[in-house]
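Chemist: How does the following fold in three dimensions:
(2 chains)
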2 protein chains.
Amino acid sequence: MKIYLAGPEVFLPDAVAMGRRKQEICARHGLIGLFPLDNELAARAEEPLSRRIFAANTALMDQADAIIANLTPFRGPSADAGTVYELGFMLGLRRAGQNKLCLGYANIALSYRDKVRERFSLERDASGVLRDEQELEAEDFGLADNLMIIHGLELSGHALMVPAQPVADPLRDLAAFEACVAIAAGYKPQFPD
Amino acid sequence: MKIYLAGPEVFLPDAVAMGRRKQEICARHGLIGLFPLDNELAARAEEPLSRRIFAANTALMDQADAIIANLTPFRGPSADAGTVYELGFMLGLRRAGQNKLCLGYANIALSYRDKVRERFSLERDASGVLRDEQELEAEDFGLADNLMIIHGLELSGHALMVPAQPVADPLRDLAAFEACVAIAAGYKPQFPD
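Modeler: All right, here's what the predicted structure looks like:
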């Protein structure tokens, strides 16, 4: 089983080492991790680099049987936008009948509301809706991120994984990641669902 | 043609009025706008509200022929996470062979790098890579958001639309939205592509 390893660790200075660590964990569970930075980028130099990265990542998702998305907050209260796109894309493929297992984890276990509150000041309006300074509602369902992401994950049968205790290095800790790998290793395709 | 109207305007105090304005623009172009807040939520009270919203939005995307995603930055340098999920989901359905037209606009025309710079301090490392205080790379391709989103949009043939001039109210301005509607109205399905 091939797993697409989505997450903002590609932006770390030690991105390549992070990819290796994730792939080693996959291998220990008998699985193959596909890491975006391992792409052989098409040598068509007339294409901008960003478009070649896009095409290569999309090709990896096409061939992957699963995605494990690192949904740890990135530059704000929500997950990295590229990772969210990739999770949505894989869930779209699944919805259309492709057997893609979609798993995710976040290394900060706070609710979305509490993560917004760390960055913006929230008050309840006359109807009891929590709003920030721009009057924008903050989703208050006790979920870790936007409801589409959290419930989207449940479509393939597994909720977001979070660490039981706060972790020292949320962008690098791999305990919740390994919990996702263990689920994938025990996965028996039952499809359509 | 039915268009799923994705965007963070659902979080505005005047969300319902915003949905009406978008639907009126669609109607003027002979199209039907599906706005998430118009959902008839399933009355199964044993299901949490957030899950009923998820199911209803997913059903709207299933029936839509197109999505127009409002990718204006939301609580950070990137687009709203729920909207990004929905764009990825529709592009996944398209990738799997469903004829979904996927369009997007953003009412702030800055590059992702410049939007990160408004919120974080960026410096080039020894290799020339732009990094923030946490040493996280800031994508520097001159694109408006994460490359997966921007190039994903191009899959159905149209780049992100942005206003030619700065707009007074980025969360409510509908000029770039209407440009997307006009594209949809002139759309001749050519599929597979």
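Chemist: Strands of chain A, start to end?
Modeler: For chain A, applying DSSP state E gives strands covering A:2-6, A:32-34, A:66-70, A:101-105, A:123-124, A:130-131.
Chemist: Given the third one, what are its sheet partners and their directions?
Modeler: The sheet places strand A:66-70 alongside strand A:2-6 (parallel), strand A:101-105 (parallel), with pairing taken from DSSP bridges.
Chemist: In chain A, which residue sits nearest chain B?
Modeler: A:Gly92 (2.0 Å; C-beta to the nearest C-beta). Quick note: C-beta positions are derived from backbone N, CA and C, even for glycine.
Chemist: Now for the closest residue in space to that residue that isn't next to it in sequence: which residues touch it?
Modeler: Excluding its sequence neighbours, the residue lying closest to A:Gly92 (C-beta to C-beta, 6 or more residues apart in numbering or on different chains) is B:Gly92, at 2.0 Å. B:Gly92 makes contact with A:Gly88, A:Phe89, A:Met90, A:Leu91, A:Gly92, A:Leu93, A:Arg94, A:Arg95, A:Ala96, according to C-beta atoms under 8 Å, 6 or more residues apart in numbering or on different chains.
Chemist: ok, the first one - contacts?
Modeler: A:Gly88 sits next to A:Met148, A:Gly152, B:Val84, B:Tyr85, B:Glu86, B:Leu87, B:Gly88, B:Phe89, B:Leu91, B:Gly92 when contact means C-beta under 8 Å, 6+ apart.
Chemist: returning to what we had before: quick one: the strands paired with strand A:66-70 as JSON lines, columns for distance to A:Ala79 too.
Modeler: As requested, the strands paired with strand A:66-70 are exported to JSON lines (distance: least, C-beta to C-beta, whole Å):
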{"stretch": "strand A:2-6", "distance to A:Ala79": "10"}
{"stretch": "strand A:101-105", "distance to A:Ala79": "8"}
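Chemist: Serialize these to CSV and add fields for mean pLDDT and mean neighbour count.
Modeler: Listed next are the strands paired with strand A:66-70 as CSV, based on pLDDT from 0 to 100; neighbours: other C-beta atoms under 10 Å in any protein chain shown:
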stretch, mean pLDDT, mean neighbour count
strand A:2-6, 98, 24
strand A:101-105, 98, 25
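Chemist: Relative to B:Gln23, which of those strands is closest?
Modeler: Of all the strands paired with strand A:66-70, the one in closest proximity to B:Gln23, counting by C-beta to C-beta, is strand A:101-105 (31.5 Å).
Chemist: Please list all residues in contact with A:Pro163.
Modeler: Counting by C-beta under 8 Å, 6+ apart, A:Pro163 touches A:Asn107, A:Ala109, A:Asp173, A:Ala175, A:Ala176.
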